[in-house]
Each structure stands twice: as structure tokens, then as C-alpha cells.
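[1] What would the 3D arrangement of this be:
(2 chains)
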Number of protein chains: 2
Amino acid sequence: MADSPVEQSCPSQLPWLVGGSQVFGLACVVLTGVWMGHYQGGYAWDGTAREFNIHPLCMVIGLVFLYGDGAALLVFRVFRNETKRVTKILHGVIHLFSLIITIVGLVAVFDYHAKNRFTDMYSLHSWCGMLNCVLFCIQWVMGLTVFLFPGGTPMLRKWYLPLHLFFGLTLFAFSIANCLLGIKEKLLFSIMSTYSKFPPEGVLANVLGLLLVVFGVLVGYIVTRKEFRRPRHPEEEALSMHFKTLTEGETPNTP
Amino acid sequence: MADSPVEQSCPSQLPWLVGGSQVFGLACVVLTGVWMGHYQGGYAWDGTAREFNIHPLCMVIGLVFLYGDGAALLVFRVFRNETKRVTKILHGVIHLFSLIITIVGLVAVFDYHAKNRFTDMYSLHSWCGMLNCVLFCIQWVMGLTVFLFPGGTPMLRKWYLPLHLFFGLTLFAFSIANCLLGIKEKLLFSIMSTYSKFPPEGVLANVLGLLLVVFGVLVGYIVTRKEFRRPRHPEEEALSMHFKTLTEGETPNTP
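    Residues are numbered from 1 along each chain as shown, chains lettered A, B, ... in the order given. So this is what the prediction gives:
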């Protein structure tokens, strides 16, 4: 579906910002892997702390890295020459993977708690984290229903689009805040007595927190800058003009 | 400076959302006050834990409530009939108060640490919090320099405006994330052994965390919805058209 005016319209900053975001995002995944794999004893589905270790890794991969990439970064800003339908399906599929990995991460921590008779859902991290996951499910189902099912009328899509974008970005920021809460909780449960002596594990976890924030800011910036928007293809432009005539209002210019 | 077309353009949802945000914002301040005042022993500048208690209260008032209100809510969305210059000055002044209260909060915790020979700057909360405060100072100075000092040219303002808005909102979200981190840290330092038994203090602090998130979402929503923007006054419209003719581009339509 590529045509040259569309191909040439990619702003020069965008590849650098996208590349930078991927470096920071992957660094977050690697640091979480090293923290849980090296300092906290590795991974296993056996009811020990190694089962808990699956939880942070899944959340950083699912709820932050894949969510951030799938949210709009790779899909609506980077894949500039695909059709709108292809980008929408890709967006939904990446978020489906993100959702599945998030659910695995949730099951890991609840299963670990159950096997060790630990109380569930008492901490701020658990309250915020559960709210985050439930809202992510609702957001995904709403997006699928309105933008991909044939049921969503143009008027409904036009009304829902800004809400979908706002809550998508808000949930992404909330995911990162929840990861920071989780890092803090894990550190104080495991190395509280030595944390103030700057042990390597504490410094690594703090750096992980900062990298998550940088990844979040980069994704947020790419997603909200007007000039990075995926350009409309000629046939979408024609459809949009037609739609504008019908509604006498502004038309949706993303999904 | 009021004229009837401008006065009539206030969207019907806006007062409810603004009212709701103020209820949630004030509830955050009250809950923090009760937590520190009742459960943690009150306030005093005496080097004891009561000096530390000044820190969370100042941060919730300065870095969250006043920052959120001053950011754009009261100023660029609610005061719809004031001149642009008045709203800009109000914005700067509210943020100056916000900055001063934040600095008092910072001094309180550093002074408390110094008097008790506690290590500074080792935790994720301290790293993120310090970054937040430094960036807030930079953001305030940049805003003052570009939008209020006569030095800022229209081209510079046009270039900087979206960056100021993006980083303003990002810092607001980061402030709330830092409050959540601080709540978590305080809870685990003071009631770790009983936290899982749902004590009133733990539940109050968790509720405070959720209310901070709701306040953040409401402010974020009000600030980012296009239809809630403060309408241009006729004389700004005329200036803007003139500017548009000069630059042949889009013009800034907020500060």
C-alpha cells in the first residue's frame, strides 16, 4: 500500500526516538530478568519465591514493554505504509499478547500466595495493580468491539476514539507507576536492612525504576506528538472527506 | 474581559469534572493530614518523626494538589473569561507556591535525615523524587522565561508550547507515582508486620493512593480534552490570524 508521498513523510526525529525507546524498553526487560534470575534465585513454577519471580518479569514484558510498543508506537506511528485495517489488527494482536502475559504474571503471584498461605490484596501495589489489569481488559474489549467489530458505527468510533487514546495512555502511565510500587515492595521485603548501603541489587532495581520511567516518557512523547501521526492514505482521505460532509464535523484521524 | 459568546462556550461536563477533581484533590490532602497527624504522631520541626511527617503533607499539597490545579485546570480551562496574560501570570504564581511548598517538604525530609544520621538518596523513591523536583524547577523557569518574559519570540513560544504541555503533564503523572512510592515506603517502614491484617492505617493509606490516582486521571482528562480548552478572546483571535499570515503555519492556541 506504499506510495512515495506517504513514505517520505516520516519525521527525521521519529526513528531515533523509536530506536531509543526500544533500547530502554529492552534494557528494562533485561534488568528485570537479571534481578529476578541472578539476585532472587531464578524462575520455576514450584510455589517457592522462584514462582513469585515470574510475576515481575511478566509484568515488565506484558504490561509495560509490549503494551507500550503495541499501544501506538510500533503500530500507528512506525508502520506508516500499512493499511489502517492492518495496523488496527496488529494493535489488537500485540495487546492480546500483552494481556495474556500480564494474566500469567497475575496467576503466578496469586498461586505463589495461595501455596504459601500469604494474604492477598492487602497492599497498595495489589489494589492499584488489580485495578490496572481489570481496566486493561475492559480497554481491550472496548477497543475490539468499537474499532474492529463491524458493529462500531463511524459516530460511535468518533466519540470513543479520544477516550480510548486517553485511557490507553493513562493505563500505560499507571502500569509504570505500578512497576515502581512493585520494585519498592520487593526491595523492602528482601533487602531492607542493607538497602541504605547501596548494595548492587538495590542500585540495579533503582536503575530499573528510572529506565521504566524513561521508556514511559519516550513512548508517551512519540504517541502524543502530532507530527509523528501515521499519515492518512489517499483512499482514507477520500473516505474521510465523505464522512466529514456527512457529519459536518472533524473526523477521526487515528484508528 | 467577559463577552457573552465566550461565557456561553463552557461545556456542560466541565464544572462537574472540575468540582469532582477538587473533591478528590482535597480528600487527598485531608487523608494525608489525618494519616500523619493522627496515626504518625503529628507535626513539629524538631528532628523527630514528626518533622518527617511534614514531608508527605507538603508533597501532596504542593507537588500534587496545587500543581494539578495550577497546571491548567483552574487556570487555562476554568478561568475562561480572563485575558491570556492574567491566566498565564496566575498559572506561574500557583506553580511558584507549589514549588515553594515542595521545597519545604524536601528540606523537612533532608533535615530529619541529617538530625538522625540516616543515609540520604539511596532509595528508588528518593532518586525518582529528586529527579521530579529538579525537573519541576527547570520546567517552571523555562515557562517563565519563554511565556512571561518579553524575551520569548512567537516562534520560540510556538516551538516550546507542546513541549511545555507534554512535560508538565508527564511531571504531574510522575509526582503522583512518587507519592504512591512514598506511601508504600512509609507503610513498610512503619506497619510492615501488621499491614497484611488490614489495619485502619494501612487501609487509609491505600485509599489515599487510589484517590491520588483518581485526582490525577480527572486533571489529566480535563487538561487534554480539546473541547474544554479556554476559548480565544476576539483580540487574541485577531492577533492569531495575523501571526498565521506571517508564519503560514498553525498557531499556538493555549498559553
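[2] tell me which parts of the stretch 151-255 of chain A are close to chain B?
    Of all the residues in the stretch 151-255 of chain A, those in contact range of chain B (CB under 8 Å from any CB of the partner chain) are A:162, A:166, A:170, A:173-174, A:176-177, A:180-181, A:183-185, A:187-189, A:192, A:195-198, A:202, A:205-206, A:209-210, A:213, A:217, A:220-221, A:224-226. Glycine gets a C-beta too; all of them are placed from N, C-alpha and C.
[3] Strands of the stretch 101-250 of chain A, start to end?
    For the stretch 101-250 of chain A, strands defined by DSSP state E, counting those that start in this stretch do not occur.
[4] just to revisit the earlier point, so of the residues of the stretch 151-255 of chain A next to chain B, which ones are in helices?
    Under the assignment DSSP state H, these contribute A:162, A:166, A:170, A:173-174, A:176-177, A:180-181, A:183-185, A:187-189, A:202, A:205-206, A:209-210, A:213, A:217, A:220-221, A:224 to helices.
[5] pretty sure A:Arg80 contacts A:His233?
    No. Because the distance of 9.5 Å does not satisfy CB atoms under 8 Å, A:Arg80 is recorded as not touching A:His233.
[6] Please name the nearest non-neighbouring residue to the residue positioned nearest the centre of chain A.
    For chain A, A:Tyr67 is the residue whose C-alpha lies nearest the centre (CA atoms, centre = their mean; 2.1 Å). Counting by CB to CB, 6 or more residues apart in numbering or on different chains, the nearest residue to A:Tyr67 once its immediate chain neighbours are dropped is A:Ser98, at 4.7 Å.
[7] element containing the one you found, please.
    When secondary structure is defined by DSSP states H and E, A:Ser98 falls within helix A:84-115.
[8] Which strands or helices does that helix pack on?
    For helix A:84-115, the packing partners by 3 or more CB pairs under 8 Å, 6 or more residues apart in numbering or on different chains; DSSP states H and E come out as helix A:49-52, helix A:54-59, helix A:124-143.
[9] Kindly recompute the last result at 10 Å.
    Contacting helix A:84-115 under the criterion 3 or more CB pairs under 10 Å, 6 or more residues apart in numbering or on different chains; DSSP states H and E are the following elements: helix A:49-52, helix A:54-59, helix A:67-68, helix A:124-143, helix A:154-191, helix A:234-247.
[10] Go through the ones you listed and find the least confident stretch.
    Per-segment mean pLDDT for those reaches its minimum on helix A:234-247, at a mean of 54.
[11] these two touch, right, the residue nearest to the centre of chain A and A:Phe172?
    Yes. If you go by CB atoms under 10 Å, A:Tyr67 and A:Phe172 touch, sitting 5.9 Å apart.
[12] between those two, what contacts are shared?
    Overlap between the contact sets of A:Tyr67 and A:Phe172, as judged by CB atoms under 10 Å, 6 or more residues apart in numbering or on different chains, is given by A:136, A:219.
[13] and stretch A:40-56, which residues are buried?
    A:40, A:43, A:49-56 (16 or more other CB atoms under 10 Å in any protein chain shown).
[14] distance between the ends of it?
    Distances were taken as CA to CA, to the nearest Å; on that basis the terminal residues of stretch A:40-56 are 11 Å apart.
[15] can you check stretch A:188-200 too?
    Its first and final residues considered, stretch A:188-200 spans 14 Å by CA to CA.
[16] what does that stretch contact?
    Outside of stretch A:188-200, the residues within contact range by CB under 10 Å, 6+ apart are A:38-40, A:49, A:52, A:187, A:201-203, A:205-206, B:118-124, B:184-185, B:187-189, B:192.
[17] buried residues in that stretch?
    Neighbour-count burial for stretch A:188-200, counted by 16+ other CB under 10 Å, picks out A:188, A:190-191, A:195.
[18] Give me the distance between the nearest residue to A:Phe215 once chain neighbours are set aside and chain B.
    With CB to CB, 6+ apart as the criterion, A:Phe215 has its nearest non-adjacent residue at 4.3 Å, and that residue is A:Phe24. Taking CB to the nearest CB, to the nearest Å as the measure, A:Phe24 falls 15 Å from chain B.
[19] Would you mind pulling up the elements that the host helix or strand of A:Phe24 packs against?
    Element membership for A:Phe24 (DSSP H and E) is helix A:13-34. With contacts defined as 3+ CB pairs under 10 Å, 6+ apart, the secondary structure elements packing on helix A:13-34 are helix A:54-59, helix A:67-68, helix A:154-191, helix A:200-224.
[20] looking at it, A:Pro33 is touching A:Ile54, isn't it?
    One thing to correct before we go on: residue A:33 is Gly, not Pro. No. With contact taken as CB under 10 Å, A:Gly33 and A:Ile54 are classed as non-touching, separated by 11.0 Å.
[21] Mind listing the shared neighbours of the two?
    Common neighbours of A:Gly33 and A:Ile54 (criterion: CB under 10 Å, 6+ apart): A:Tyr43.
[22] residues touching A:Gly105, list them.
    For A:Gly105, the contacting residues are A:54-63, A:129, A:133, by CB under 10 Å, 6+ apart.
[23] I'd like these written out as a markdown table, with distance to chain B added.
    Written out in a markdown table, the entries for these read as follows (distance: CB to the nearest CB, whole Å):
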| residue | distance to chain B |
| --- | --- |
| A:Ile54 | 21 |
| A:His55 | 16 |
| A:Pro56 | 14 |
| A:Leu57 | 18 |
| A:Cys58 | 20 |
| A:Met59 | 15 |
| A:Val60 | 15 |
| A:Ile61 | 20 |
| A:Gly62 | 19 |
| A:Leu63 | 14 |
| A:Gly129 | 11 |
| A:Cys133 | 14 |
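[24] Compare those residues and tell me which is most surrounded.
    If you count neighbours using other CB atoms under 10 Å in any protein chain shown, the busiest of these is A:Val60, which has 31 neighbours.
[25] ok, so what distance separates that residue from A:Val34?
    The span separating A:Val60 from A:Val34 equals 12 Å under the rule CB to CB, to the nearest Å.
[26] any common contacting residues for those two?
    Counting by CB under 10 Å, 6+ apart, the shared contacts of A:Val60 and A:Val34 are A:Leu208.
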